[in-house]
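Asks: Sequence isn't available, so here's the structure alone:
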């Protein structure tokens, strides 16, 4: 018998229905959700003959692990490995891409923490090179606390080439660099962004740095000179999300 797991959130569940419908076993939706997003989910589920079960909030909280932002939808899926590509992610988006790129992060604990940050900030994917980088191991998945299921982890053969392809699709590449002259709080950027972070100590590789459209620094006011990569990612992603929320029209 194949193992199963839960994913949650409208984007994650609908993306799974679009790209791997055979893996979606059943969907649980808050009984009081009857808005446009819920109706859109119902249409996708009906198209692929996936059963939708209305449930109460407590049951959703339990399936989502408690305290997670499930948005009123949780899906039980077969845990089958599948390689997700950047095109898989970008082609499903109905809003500007918002990506976290990790260049040479080899500690699975840091990868798991970065996945949690990406999920919390609403990033659409975490992207990393296949080689010289932490894989999505059990350690990384445990530290991610469920974010490994909700945030796609995309591995690419050539990171610099992948970043150039993102630029061709209108995504602005921003590198976090302690040596950058521009302060993140003073910098300006578009909504469609990919935020690049290097490993502790070495930072971004030269080719990665050269591809960036822009480099920004996090101002350090204390005695320490650098931050853990997941903390740095959190600072930058949440600043970007704050600006996106400020631009969004009020409902």
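Replies: Looks like it arrived, so ask away. The shown structure was predicted, so the numbers you read here are calculated from the model rather than taken from an experiment.

Asks: Tell me how many other residues surround residue 92.
Replies: 16 (other CB atoms under 10 Å). To be clear about C-beta, it is placed using only N, CA and C from the backbone, and glycine gets the same treatment.

Asks: ok, residue 222 - how many residues close by?
Replies: 5.

Asks: Next, give phi and psi for it.
Replies: With angles defined as degrees, to the nearest 10, residue 222 sits at phi -100, psi -160.

Asks: Same question for residue 161.
Replies: According to degrees, to the nearest 10, residue 161 has phi -70, psi -40.

Asks: contacting residues around it?
Replies: With contact set as CB atoms under 8 Å, 6 or more residues apart in numbering, residue 161 has no partners.

Asks: for the one 5 residues further on, same thing?
Replies: Residues in contact with residue 166 (CB under 8 Å, 6+ apart) are 86, 97, 99, 173, 194.

Asks: What residues of the lengthiest helix in the chain count as buried?
Replies: Ranked by residue count, the top helix of the chain under DSSP state H comes out as helix 229-247. Neighbour counts using 16 or more other CB atoms under 10 Å place 229, 230, 232, 233, 234, 236, 237, 239, 240, 244 of helix 229-247 among the buried residues.

Asks: any idea of the mean pLDDT for stretch 147-162?
Replies: Taken as a whole, stretch 147-162 has an average pLDDT of 89.

Asks: And stretch 134-143, by the same measure?
Replies: So the average pLDDT for stretch 134-143 ends up being 74.

Asks: Compute the first-to-last residue distance for that stretch.
Replies: Using CA to CA, to the nearest Å, one end of stretch 134-143 lies 13 Å from the other.

Asks: and the residue nearest to the spatial centre of the chain, what does it touch?
Replies: Taking CA atoms, centre = their mean, the centroid of the chain lies closest to residue 125, which sits 3.2 Å from it. The contact partners of residue 125, taken as CB under 8 Å, 6+ apart, are 84, 86, 89, 99, 100, 118, 151, 152, 153, 154.

Asks: The residues you listed, buried ones only, as a PyMOL selection?
Replies: To isolate the buried subset of those in PyMOL, counting by 16+ other CB under 10 Å, use the following:
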select buried, resi 84+86+89+99+100+118+151+152+153+154
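
Asks: As JSON lines, the contacts of residue 125 with secondary structure and distance to residue 30 would be great.
Replies: Shown next, in JSON lines, are the contacts of residue 125 (DSSP: H, G, I helix; E, B strand; the rest coil; distance: CB to CB, whole Å):
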{"residue": "84", "secondary structure": "coil", "distance to residue 30": "27"}
{"residue": "86", "secondary structure": "helix", "distance to residue 30": "32"}
{"residue": "89", "secondary structure": "helix", "distance to residue 30": "26"}
{"residue": "99", "secondary structure": "strand", "distance to residue 30": "29"}
{"residue": "100", "secondary structure": "strand", "distance to residue 30": "28"}
{"residue": "118", "secondary structure": "helix", "distance to residue 30": "24"}
{"residue": "151", "secondary structure": "coil", "distance to residue 30": "22"}
{"residue": "152", "secondary structure": "coil", "distance to residue 30": "24"}
{"residue": "153", "secondary structure": "strand", "distance to residue 30": "27"}
{"residue": "154", "secondary structure": "strand", "distance to residue 30": "30"}
